[in-house]
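In: no sequence for this one, just the structure:
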């Protein structure tokens, strides 16, 4: 009997060791992005919202106002360098066993592993709706090649105003934005807040939150803000008579909504910064989600479009 117990214990230890070895190898994989399965096209909500009148020189033109939510951007947030949940592949050799347990991301080199989370982020423009409104967006973003994403002090180069909002009073004011966001309406007059996710600054991958889902949502939101700040994406909901979208270095949060499609898939879009408890059930299970390795998220971002048919 004792020999059987010892044998069972030995086999169990071998299996555990094998599992730990694989986990430490940082093997990450997933199903690549599909525009048919991963985009919830019902969230587009294409409609004609009324009549618009535009002045062009000495002419006055009348048209109809198109309004819709374009799925224009995919952002993956990775706990390991150079892994992309959008493609389901990449170099994931720097992963750790903690990444497999649905907990905080300990892959950061910041020395704050006990209370903070760090994620790399990659932005990919989705060219699926060039009509009916115009768009003026450029390129993609890969944070591993962005030294400002890795260092909070360097990030101040493009966000000098961040020190104004680093006070306790300004951060406590974000509670109002959190309440409003969870009711469905972010407060655009508070661009330094991301609802329940906390502060928009710094525009880096470091987030003081060990809830991996909420922290990943924060990182994705900061990537949207950063791309706005760098004039790489524009906002097509403001100047509907201009014939193109305008650049907003200070973002307008209510013009964006998003949902996660990796490591498991959700289908309902929420305002930027909503509490993760509204959508995280089954999203990031231990070890692996239904579509990819856990702690490796992919977010589909919709933005609001308004344009006049006479000006396109």
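Out: All right, it came through fine. Small disclaimer: the values here were computed from a predicted structure and weren't measured.

In: from now on I want contacts and neighbour counts done on CA atoms only, so please keep to that.
Out: Fine.

In: phi and psi next, for residue 168.
Out: Backbone torsions of residue 168, given as degrees, to the nearest 10, read phi -60, psi -40.

In: around it, count how many other residues there are.
Out: Per other CA atoms under 10 Å, the neighbour tally for residue 168 reads 8.

In: let me know the pLDDT of it.
Out: pLDDT, residue 168: 91.

In: residue 285 and residue 294 touch, don't they?
Out: Yes - using CA atoms under 8 Å, residue 285 is in contact with residue 294, at 6.5 Å.

In: low-confidence regions, this structure specifically.
Out: Within the chain, the stretches with pLDDT under 70 are 1-26, 91-115, 242-243, 312.

In: more neighbours: residue 285 and residue 294, which one.
Out: Between residue 285 and residue 294, counted using other CA under 10 Å, the more crowded position is residue 294 (28 against 19).

In: I figured that one hits residue 261, correct?
Out: No - with contact defined as CA under 8 Å, residue 294 and residue 261 do not form a contacting pair (11.7 Å).

In: now do the same contact list for residue 122.
Out: Neighbouring residues of residue 122 by CA atoms under 8 Å, 6 or more residues apart in numbering: 75, 76, 77, 84, 140, 141, 142, 143.

In: that one pairs with what?
Out: On the basis of DSSP bridges, residue 122 is bridged to residue 76, residue 142.

In: distance of it from residue 226?
Out: Residue 122 sits 12 Å away from residue 226, going by CA to CA, to the nearest Å.

In: what about stretch 28-37, how long is it end to end?
Out: By CA to CA, the extent of stretch 28-37 from end to end equals 21 Å.

In: what do you get for stretch 286-299?
Out: In stretch 286-299, first residue to last residue: 19 Å (CA to CA).

In: now stretch 147-156
Out: End residues of stretch 147-156 are separated by 12 Å (CA to CA).

In: do the same with stretch 260-268
Out: 9 Å.

In: centre of the chain to that stretch, how far?
Out: Stretch 260-268 sits 12 Å away from the centroid of its parent chain (CA atoms, centre = their mean, to the nearest Å).

In: and residue 54, how many residues sit next to it?
Out: Neighbour count of residue 54, defined by other CA under 10 Å: 17.

In: show me the beta-bridge partners of it.
Out: On the basis of DSSP bridges, residue 54 takes part in beta bridges with residue 61.

In: just checking, it touches residue 64?
Out: No - using CA under 8 Å, residue 54 is not in contact with residue 64, being 10.5 Å away.

In: give me the common contacts of those two.
Out: 308, 310.

In: so who does residue 233 touch?
Out: Contacts of residue 233 (CA under 8 Å, 6+ apart): 136, 137, 138, 227, 247.

In: state the distance from it to residue 149.
Out: Distance from residue 233 to residue 149, by CA to CA: 18 Å.

In: about what we covered before: format the contacts of residue 122 as JSON lines; extra columns: neighbour count.
Out: Listed next are the contacts of residue 122 as JSON lines, based on neighbours: other CA atoms under 10 Å:
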{"residue": "75", "neighbour count": "29"}
{"residue": "76", "neighbour count": "29"}
{"residue": "77", "neighbour count": "31"}
{"residue": "84", "neighbour count": "28"}
{"residue": "140", "neighbour count": "17"}
{"residue": "141", "neighbour count": "18"}
{"residue": "142", "neighbour count": "16"}
{"residue": "143", "neighbour count": "21"}
